[in-house]
Every structure is written in structure tokens, then in C-alpha cells.
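> need the 3D shape of this:
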Amino acid sequence: MFLETVSGLGLVLDNYYVSLGIVASIVVLIMMDVIKVLKDAVLSLIGASCNCELSDRIRIVLEGFNIDVRKIYIRRVGSFYSVYVIVGIPSLTPLIEAYRIRKRIRRIVKTFDSVVMVDIKMVPKKIHENEVQRLSGTNEKIRAEYRVNRETKRS
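Now for the predicted structure:
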């Protein structure tokens, strides 16, 4: 709005230097936009992770569902986002439970605007003896093996 007003004033005054200044400022603004678009295109092509507020929002939502988020990488794919989430789960978690957690994470992250691809990597986290009893779906044999392995590591 400001440049249009000044350029109209420059045309009315028919001043060469005012017109030249306005043209130069318009060229500078266009070049700034071109540089920004080129930078985004190059970062998208090389698959660089962007640091945007989407990562913080995803982390807050996932941690609200008691999911141990270790790291979130977000890449721009054109005007969309590809999200890579690294999640920590207890090492004795049954496979079916890990798939349920993965499916829940995928559904949660897909609800965000412009997210087209979600990749989830689950890494084991160390657990304490009292957490072994709280794990659902594990049988006594696995618990006994865990106790034996833990005692052998201590000695």
C-alpha cells in the first residue's frame, strides 16, 4: 500500500529520482521474494529438516497422550510436510502394542494441516524393575528372563 501511494505521488510529480527510487525498491522486494523461494526449493530438494512451529505442536500433542517423543524431524515436500518421529517405548512392550502405539501416533500426526507422510521409528528405552510389573501383555517367562539378565549385568 505504501509503495503504491509513493509511486502514484512520483508519477504525479513527474520526478525522475523519485520514480527511480520506487522502481529500485520494487526490484529489491521482488529479489528478496525470489531468494526466499529459491532457498525453500533447494532445502526441499536436498531434504533438509525445517525448524518450524509444527514440530513443537506435534510434540505437545503427542506428549499429552503420554507418548515418549525423543525427536521430530520435519521436511518440506513442496507445500506439504513429511514428518519423521522417533518414539521411545519400553523394551518389553509386546509387538502388537507397539503397532497400536504406532497407529495412534500416525493418526494424531495426520490430523495436522499439510502433513502428507508420517514415518515413525520406535526405539527401546530402559525400564526399572517396578515398571516390569506394570507392563500389560507380558507373561511371567519374559519377566523372569528380564530379572536374570539384569542380575547378570550387575555382577
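
> centre of the chain to the host helix or strand of Leu38, how far?
Taking DSSP states H and E as the definition, Leu38 sits inside helix 16-46. Centroid separation for helix 16-46 versus its chain: 29 Å, with C-alpha atoms, centre = their mean, to the nearest Å.

> distance from the chain centre to the helix or strand following that helix, please.
Toward the C-terminal end, the helix or strand that comes next after helix 16-46 (DSSP H and E) is helix 53-64. With C-alpha atoms, centre = their mean as the basis, helix 53-64 stands 8 Å off its chain's centre.

> what helices and strands are in contact with helix 53-64?
strand 68-77, strand 80-90, helix 95-110 (3 or more C-beta pairs under 8 Å, 6 or more residues apart in numbering; DSSP states H and E). For the C-beta atoms, the positions are set from N, CA and C on the backbone; glycine is no exception.

> now the longest one against strand 80-90, angle please.
Relative orientation of helix 95-110 versus strand 80-90 (axes from the mean of the first three to the mean of the last three C-alpha atoms, to 10 degrees): 150 degrees.

> and the angle from helix 95-110 to helix 53-64?
Counting by the same axes, to 10 degrees, helix 95-110 lies at 140 degrees to helix 53-64.

> in CSV, list the C-alpha atoms belonging to the very next helix or strand once past helix 95-110.
The element immediately downstream of helix 95-110 (helix or strand, assigned by DSSP H and E) is strand 115-125. In CSV, the C-alpha atoms belonging to strand 115-125 read as follows (Å, rounded to 0.1, in the frame of the first residue of the first chain):
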residue,chain,number,x,y,z
VAL,A,115,1.1,-33.4,6.7
VAL,A,116,1.1,-36.0,3.9
MET,A,117,3.6,-38.5,5.1
VAL,A,118,4.4,-39.8,8.6
ASP,A,119,7.3,-42.1,9.4
ILE,A,120,7.6,-43.5,12.9
LYS,A,121,10.7,-45.1,14.4
MET,A,122,10.4,-46.8,17.8
VAL,A,123,13.5,-47.2,20.0
PRO,A,124,13.6,-49.2,23.2
LYS,A,125,14.0,-47.3,26.5
